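Student: Got a predicted model here, sequence first, then my questions.
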Amino acid sequence: MSCETIRESLDELRDGALAEQEARAVREHLACCSSCATEWGMTEMLREAIRDRASAPAAPSAFREAMTRLLGPKPTTVSWVARLQEAIRLRPLAAVAVAAALAILVVVPLNLQVLSTKEAVTPLVEESVNEHIRQTLRERLPEIPSRELQPVHGTHQRRLEFSGPLSFPDDLEFQLVGGQVSYVLGRRVLAVTYRKGDRPITLLVLPGAGIRLPEQPGTHAGRVYHAADRGFQTVHWQQGPLIYSLVADVEHADLSRLAEKLQQK
Amino acid sequence: MTDRPVLSEEEQRRFTQALLEHLDALHSFAWWLTHRREEIEELVQETCLRALRFAHQFQPGTNFKAWLFSILKHEWFRRTGLARREVQSDPALDDEVFRCQGGTPEAEVIKSALREDLDAALRRLPEEYRSAVLLFDLHGFSLKETAEILDVPDGTVKSRLSRGRQMLRASLVAYTESKSREQ
Ligand SMILES: [Zn+2]
């Protein structure tokens, strides 16, 4: 065998992927060809150097701890999948001001990240429900307090023009809890939490590019779509470049009422 | 609404435990793909999320770690739009580094390379080469597993490994020589 052929099979020898006879032939060649033997030795040295000394930073302990803690047994009515989904979402979050959150919503649609064709039919319903579960299981308060989500004046007003009203101070039925910048379907989104009684409701505001709304149109005015998933009701609609998704464990009619309020300008 | 098979309690526990065992490896691989901490953790999180969603697709008896890595790599491709993009040509650094050879005994350079030297050399490698080297040489995946994770033919992995290591070695030599010139 030529030196060239031998060198091409060195990684297979390392891998134990060569048949016994071939392996023996390669070893015999290495024993009597100093050039190939040097090549073998250099690569071995390099591999050892990489294994021993190149950086391979472990997961930060806070990240690991949060996951381990949340993965452990804990009395809950939510499924283990939901808990793990929450766990793996947990990350050290920098304090994010609402201005930043809204700036993202305004900026992102302008340079849209186009998803691959495979992802074009996006599991909007499923991912919205996942995000709702994550939001529900958060052990911290939302980073964006409710007062900052009110589009009252000045720059906020301008930045919120895509979003419309998010809070209804005179409405006792849906109480705005707060907001959170999150990551859903490969994009940054604004996740807003409401409460109806003791039931949390999640509103997601997503840049809409590449997302397909559920097929069947909803029953009430406007182009509102609804679907149920894992016992949760969901409602979705598009406004300009943004998609709005509501998810909760409440009656469908309740969500529709909130959707109507949110669509009012 | 989903007809996905549900794992038993015991399966869930084992799955979770196995996932946690590979957290460091996933983190380390993600670190080499992107140095932005936020993005590293998002990548690892998304990988775990997807692993869970598709837990029923994992084939028992195959390498769980390789399966997780392929999810991570796929997620990275999806985010960066690098999917299946073939390496167009060898990077410009080739000419530069290969000209610097000679003088310093290479074996000495490799043996005495410090973490910062190795990191700098790895960082200079184009991602496709670096990933192949890290998966095979550092994480200990087989050629076949590496090919599956990177979603390329086995032969491509072999050539990326050989090319990648050549560039690494040349880069280390060049680096050492430039350091000794400075002194
Ligand atoms: Zn030879």
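Tutor: Structure received. If you're wondering where the values come from, they're calculated on a predicted model, not measured in any experiment.
Student: contacts and neighbour counts: CA atoms only from here.
Tutor: Noted.
Student: Where do the domain boundaries of the chain fall?
Tutor: Reading this off chain A. Domain ranges of chain A: A:3-53, A:108-264, per automatic domain parsing.
Student: oops, I was thinking of chain B
Tutor: Split into domains by automatic domain parsing, chain B comes to B:1-93, B:98-183.
Student: Quick one: the ones you listed as JSON lines, columns for distance to the ion and mean pLDDT too.
Tutor: Below are the domains of chain B laid out as JSON lines (distance: least, CA to the ion, whole Å; pLDDT from 0 to 100):
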{"stretch": "domain B:1-93", "distance to the ion": "25", "mean pLDDT": "78"}
{"stretch": "domain B:98-183", "distance to the ion": "16", "mean pLDDT": "89"}
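Student: SS state for A:Leu18?
Tutor: When classified by DSSP: H, G, I helix; E, B strand; the rest coil, A:Leu18 comes out as coil.
Student: Go ahead and confirm it touches A:Glu8.
Tutor: No: here A:Leu18 lies out of contact with A:Glu8, judged by CA atoms under 8 Å, at a distance of 11.7 Å.
Student: picking that back up, of the domains of chain A, which shows the lowest average pLDDT?
Tutor: Mean pLDDT is lowest for domain A:108-264 out of the domains of chain A, coming in at a mean of 71.
Student: Name the nearest residue to B:Phe64, ignoring sequence neighbours.
Tutor: B:Phe58 (7.6 Å; CA to CA, 6 or more residues apart in numbering or on different chains).
Student: let me redo that: A:Val192
Tutor: Counting by CA to CA, 6+ apart, the nearest residue to A:Val192 once its immediate chain neighbours are dropped is A:Gly179, at 4.2 Å.
Student: Shouldn't that neighbour be within a strand?
Tutor: Yes: checked against three-state DSSP, A:Gly179 lies within a strand.
Student: Could you verify my assumption that it touches A:Ile201?
Tutor: No: A:Gly179 lies out of contact with A:Ile201 (CA under 8 Å); the separation is 11.6 Å.
Student: The residue nearest to A:Val192: neighbour count?
Tutor: Look at A:Gly179: counted by other CA atoms under 10 Å in any protein chain shown, it has 25 neighbours.
Student: Quickly note the distance from it to the ion.
Tutor: Using CA to the ion, to the nearest Å, A:Gly179 is found at 65 Å from the ion.
Student: just the domains of chain A: most buried one?
Tutor: Highest mean neighbour count among the domains of chain A (mean count of other CA atoms under 10 Å in any protein chain shown): domain A:108-264, with a mean of 18.
Student: Could you report the neighbour count for the residue nearest to B:Phe64?
Tutor: 14.
Student: Next: A:Ala56.
Tutor: Neighbour tally, A:Ala56, other CA under 10 Å: 22.
Student: and if you look at B:Arg165?
Tutor: Counted with other CA under 10 Å, the neighbours of B:Arg165 add up to 23.
Student: for the strand or helix carrying B:Arg163, the distance to its chain's centre please.
Tutor: Element membership of B:Arg163 [criterion: DSSP states H and E] is helix B:154-182. Distance of helix B:154-182 from the chain centroid (CA atoms, centre = their mean, to the nearest Å) equals 16 Å.
Student: what angle sits between the one helix or strand A:Ser35 maps to and helix B:154-182?
Tutor: Taking DSSP H and E as the definition, A:Ser35 sits inside helix A:34-53. Using axes from the mean of the first three to the mean of the last three CA atoms, to 10 degrees, the direction of helix A:34-53 lies 80 degrees away from that of helix B:154-182.
Student: which residues of chain B fall in strands?
Tutor: Using DSSP state E, no strands are found in chain B.
Student: Nearest residue to the middle of it?
Tutor: Residue closest to the mean C-alpha point of chain B, counted by CA atoms, centre = their mean, is B:Ser131 at 3.1 Å.
Student: Now B:Ala66: closest residue in space, sequence neighbours ignored.
Tutor: Nearest residue to B:Ala66, sequence neighbours excluded (CA to CA, 6+ apart): B:Glu145, at 6.4 Å.
Student: And for that neighbour, the neighbour number?
Tutor: Counted with other CA under 10 Å, B:Glu145 comes out at 22.
Student: list the contacts for A:Glu39?
Tutor: A:Arg7 (CA atoms under 8 Å, 6 or more residues apart in numbering or on different chains).
Student: so where do the helices sit in chain A?
Tutor: A:3-8, A:10-15, A:20-32, A:34-53, A:61-71, A:80-89, A:98-107, A:117-120, A:124-137, A:154-159, A:252-263 (DSSP state H).
Student: how about the nearest residue to B:Asp154, chain neighbours excluded?
Tutor: Of all residues not flanking B:Asp154 in the chain, B:Ala147 sits nearest, at 5.3 Å (CA to CA, 6+ apart).
Student: isn't the one you found right next to B:Val157, touching?
Tutor: Yes: with contact defined as CA under 8 Å, B:Ala147 counts as touching B:Val157 (5.9 Å).
Student: between those two, which one's more packed in?
Tutor: B:Val157 (25 against 21).
Student: For B:Asp119, see how far away that one is.
Tutor: Between B:Val157 and B:Asp119 the distance is 21 Å, computed by CA to CA, to the nearest Å.
Student: Equivalent analysis for A:Leu18, please.
Tutor: In terms of CA to CA, A:Leu18 sits 32 Å off from B:Asp119.
Student: cool, and B:Glu39?
Tutor: Counting by CA to CA, the separation of B:Glu39 from B:Asp119 is 20 Å.
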